[in-house]
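Peer 1: quick one, fold the following:
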Amino acid sequence: MEKCLNDGEIIEVVKEYIDNAIYNYAVMIDGEWGSGKTFFVKNNLLKAIEQYENEKASRNYLYTPRKVLYISLYGISSTEEISNEIYMSLYKSIGSNDVSDIRYGVKVVTDIAKSRWDANYDEFINNFSNFEGYIFILDDLERCNCHINEIFGYINDLVENQGLKTIIVSNQKEIGKFIEADELGLKYLLSANSNVDFGEIDSQYKDLNPGDKISISELKRRTQLLCEEDNSAYQKVKEKLVGFTIKYEPDYKKVTKEMLRDNVANPDLQNLLLDLNEQHCAFAIEKEHTNLRTFQFFISKIILLYENIKWLKDRKTKLLKEMINYSFCIAVAYKQGTYEWKWTENTVYTELDSFEKASEYGYTIAFRFIDEFMIYSKCNQDEIDNDIKYYLSKEYEKEKDLNNPIIALDSWWEKDETKIRRSIEDIISGLQISKFDIKSYPSIIYKMVILCDVGFETDLLMEMIKLMIVNIKESKSGTLSLDEGNISFDNENLKDDYELAIKPIRILIDEKNKSTKQNFINELLSDTEGWGSKIYDYVKENKQEIAEDNISFISELDVDKILNLVRVSDNRNIYDFRKALYEAYKAMGNKVNDRDMENITKLYTGLKGDKCDGYDLIKVRNMITLVQFLGTFAEA
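Peer 2: Below is the predicted model:
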């Protein structure tokens, strides 16, 4: 029968156990990995037992207090190694009241004994064979490489035959996994063998037709069937050995507060974390992940991240707390194995679109840079600052224009249908007169996709998209852009709907920008006196965009116009044009993209065919150098 007790109750139960002389049995403290059970045992329970034994000795001078031997079974591969660990612990404890914590590798105590005592070796071992004055704590049982039933048999001998008080510390859920790594291959082979009649042990077993392949899941199921005998034996040995099992669940709130006070040196951050601890603990409990190693991971990460966002402390404390909340939620998901990367290329932040989601996820706003840091340890101060400032600018726009119908669609779940429909009508009216910045179109589509999922008519969204297309076509602005920095969906179906809706807008803007850029670049060629330097300046200003293949260069040029200009231009323009080409393709790693290749080849062929009649020697050399450079790409 399992008991779930707090730290103090566990200590009292263990005291009763070590005083019980009616029958011999062991006690098991069972807890999940990362629950803090080892920390509790070594820092609380062990000391409490020592103190209790000393108190009994102080009341009765004839009583000799027992010593506590803590031994980790991590990596132990045989019962002989356990004996060696025990003997080494005893050896260290002679003449000392200190409790021994042994975990520095397996040593053969007999070699030490023989070298020290030589002829008195047998007497030495006999003295060490008396364990009556000790209480054993055996930790990490599930991490022992020796078969669990063999280990239990060994412990049973200590408990039943030698009367030792033994406390076993383990993650019992992991003990039941008997398929050991070194035997797994053999068990798989046996499970796949057609000569084994699994019908004897499984009524649901069905013979496969000759030549049929065994699925992975069926292979694992058969292997588990072969291990049931081991599981049964384990339960029988455990029932005989373990008197009762104490289920260890830490006082998560108390322990995490202690961890914050002990590990967070910055007083401002410590106060913030302590203030948020109740919320974090509630989230961890709800997610059934009260793992202290995860909390340690969170602390180690947030200490570093805080240095990059602490400037928000006196300006935007609420936002700072939201970032810390999100960091904790990411830590839990990552360590629990449920984390998924959901960021699209252009998304900087995202706000949850309902109270229910905020309650479920534990945060209301998420930032991409936090995921990048928590998961990949990427930390760039400039990028973090830019992302936060981008978010703050968007918030400022909302506050500044509370009457904006696009903003009015935020927090739609708090409003009635009539108000939402009025805002939708205002947006359609605004699009009819091209009232809104084209950059805001993704935000309109994003909100309408969600509202259509709620039940609003899809025709409303279609009408908006048609008006957007008209506005983009009629726009007289220069380069157009879409602001998709905070567009994010948890629902894949909604994400697909958004992508479908925004696609014609993106395509049209790309075409519009391409035409605009083409016209702009070719306008530079109209200056016959300084066209080379202007092309070079354009490349210098847009080198990063060209390198990232976000804008085109040669593909936008009128090659025939370039060929004519080269024939009549001076050496300075030809030299500057060659510099522009060099800078552009150097930024691209000396590679030409597919869009530019057609014009590169056309330009190379045209210049190569120029006989240079009437050119001076310098111009001839510049032409040769330009043709050679273009040839490295055209003839590659």
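Peer 1: domains of this protein?
Peer 2: 2-175, 252-400, 405-513, 525-634 (automatic domain parsing).
Peer 1: make JSON lines out of those and add distance to I214 and mean pLDDT.
Peer 2: No exception for glycine: its C-beta is placed from N, CA and C like everyone else's. Converted to JSON lines, the domains of the chain look like this (distance: least, C-beta to C-beta, whole Å; pLDDT from 0 to 100):
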{"stretch": "domain 2-175", "distance to I214": "27", "mean pLDDT": "76"}
{"stretch": "domain 252-400", "distance to I214": "27", "mean pLDDT": "88"}
{"stretch": "domain 405-513", "distance to I214": "33", "mean pLDDT": "89"}
{"stretch": "domain 525-634", "distance to I214": "48", "mean pLDDT": "84"}
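Peer 1: can you put these in JSON lines and add distance to E218 and mean neighbour count?
Peer 2: Converted to JSON lines, the domains of the chain look like this (distance: least, C-beta to C-beta, whole Å; neighbours: other C-beta atoms under 10 Å):
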{"stretch": "domain 2-175", "distance to E218": "24", "mean neighbour count": "16"}
{"stretch": "domain 252-400", "distance to E218": "25", "mean neighbour count": "16"}
{"stretch": "domain 405-513", "distance to E218": "31", "mean neighbour count": "16"}
{"stretch": "domain 525-634", "distance to E218": "49", "mean neighbour count": "16"}
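Peer 1: out of those, flag the one nearest G243.
Peer 2: domain 2-175 (3.3 Å; C-beta to C-beta).
Peer 1: how far away from the center of its chain is the closest one?
Peer 2: 38 Å (C-alpha atoms, centre = their mean, to the nearest Å).
Peer 1: what's the answer for stretch 405-424, then?
Peer 2: The chain centre lies 35 Å from the centre of stretch 405-424; the measure is C-alpha atoms, centre = their mean.
Peer 1: in PDB, please show the C-alpha coordinates belonging to that stretch.
Peer 2: Output in PDB follows, covering the C-alpha atoms of stretch 405-424 (Å, rounded to 0.1, in the frame of the first residue of the first chain):
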ATOM      1  CA  PRO A 405     -11.800  49.000 -36.600                       C
ATOM      2  CA  ILE A 406      -8.800  46.700 -37.200                       C
ATOM      3  CA  ILE A 407      -7.800  47.200 -33.500                       C
ATOM      4  CA  ALA A 408     -11.400  46.800 -32.500                       C
ATOM      5  CA  LEU A 409     -11.300  43.100 -33.600                       C
ATOM      6  CA  ASP A 410      -8.700  42.300 -30.900                       C
ATOM      7  CA  SER A 411     -10.100  40.500 -27.900                       C
ATOM      8  CA  TRP A 412     -13.200  39.600 -30.000                       C
ATOM      9  CA  TRP A 413     -14.300  37.100 -27.400                       C
ATOM     10  CA  GLU A 414     -15.000  39.900 -24.900                       C
ATOM     11  CA  LYS A 415     -17.400  41.700 -27.300                       C
ATOM     12  CA  ASP A 416     -20.900  40.900 -28.700                       C
ATOM     13  CA  GLU A 417     -21.500  40.000 -32.300                       C
ATOM     14  CA  THR A 418     -23.100  43.400 -33.200                       C
ATOM     15  CA  LYS A 419     -19.900  45.300 -32.300                       C
ATOM     16  CA  ILE A 420     -17.700  42.900 -34.200                       C
ATOM     17  CA  ARG A 421     -20.000  43.100 -37.300                       C
ATOM     18  CA  ARG A 422     -19.900  46.900 -37.100                       C
ATOM     19  CA  SER A 423     -16.100  46.800 -37.000                       C
ATOM     20  CA  ILE A 424     -16.000  44.500 -40.100                       C
END
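Peer 1: would you confirm that K313 contacts L319?
Peer 2: No. K313 is beyond contact range of L319, at 10.1 Å (criterion: C-beta atoms under 8 Å).
Peer 1: next helix or strand past the longest helix seen in the chain?
Peer 2: When the chain is parsed with DSSP state H, its longest helix is helix 492-524. Next in sequence after helix 492-524, counting helices and strands by DSSP states H and E, comes helix 531-541.
Peer 1: the domains of the chain: which one's closest to I246?
Peer 2: domain 2-175 (5.1 Å).
Peer 1: mind listing the strands for the chain?
Peer 2: 2-5, 26-30, 67-72, 100-102, 134-139, 165-170, 242-248, 349-351, 365-367 (DSSP state E).
Peer 1: now render those strands as TSV, adding distance to E12.
Peer 2: Below are these laid out as TSV (distance: least, C-beta to C-beta, whole Å):
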stretch	distance to E12
strand 2-5	8
strand 26-30	13
strand 67-72	17
strand 100-102	24
strand 134-139	16
strand 165-170	14
strand 242-248	11
strand 349-351	50
strand 365-367	45
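Peer 1: hang on, the earlier thing: how far off centre is the longest helix of the chain?
Peer 2: Worked out by C-alpha atoms, centre = their mean, helix 492-524 lies 33 Å from the chain centre.
Peer 1: what's the angle from it to helix 531-541?
Peer 2: 150 degrees (axes from the mean of the first three to the mean of the last three C-alpha atoms, to 10 degrees).
Peer 1: what is helix 492-524 packed up against?
Peer 2: helix 441-454, helix 458-474, helix 531-541 (3 or more C-beta pairs under 8 Å, 6 or more residues apart in numbering; DSSP states H and E).
Peer 1: and N325, how far is that from E278?
Peer 2: Applying C-beta to C-beta, to the nearest Å, the value for N325 to E278 is 12 Å.
Peer 1: contacts only, for G606.
Peer 2: Counting by C-beta atoms under 8 Å, 6 or more residues apart in numbering, G606 touches V559, L563.
Peer 1: change it to 10 Å
Peer 2: V559, D560, I562, L563, N564, V566, R567, V627, L630 (C-beta atoms under 10 Å, 6 or more residues apart in numbering).
Peer 1: any idea how far the last one lies from E50?
Peer 2: Relative to E50, L630 is positioned 84 Å away (criterion: C-beta to C-beta).
Peer 1: again, but for the fifth one
Peer 2: Computed as C-beta to C-beta, the N564 to E50 distance reads 97 Å.
Peer 1: and of the strands of the chain, who's closest to F297?
Peer 2: strand 365-367 (18.6 Å).
Peer 1: pull the distance from that closest one to the chain's centre.
Peer 2: 15 Å.
Peer 1: for stretch 243-254, buried residues please.
Peer 2: Neighbour counts over stretch 243-254 (16 or more other C-beta atoms under 10 Å) mark T245, I246, K247, Y248, E249, P250, Y252, K253 as buried.
Peer 1: OK, contacts around L320?
Peer 2: D268, L269, L272, Y306, I309, K310, W311, L312, K313, D314, I388.
Peer 1: distance to F283 for those - can I get that in TSV?
Peer 2: Converted to TSV, those look like this (distance: C-beta to C-beta, whole Å):
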residue	distance to F283
D268	22
L269	19
L272	16
Y306	19
I309	20
K310	23
W311	26
L312	22
K313	23
D314	27
I388	23
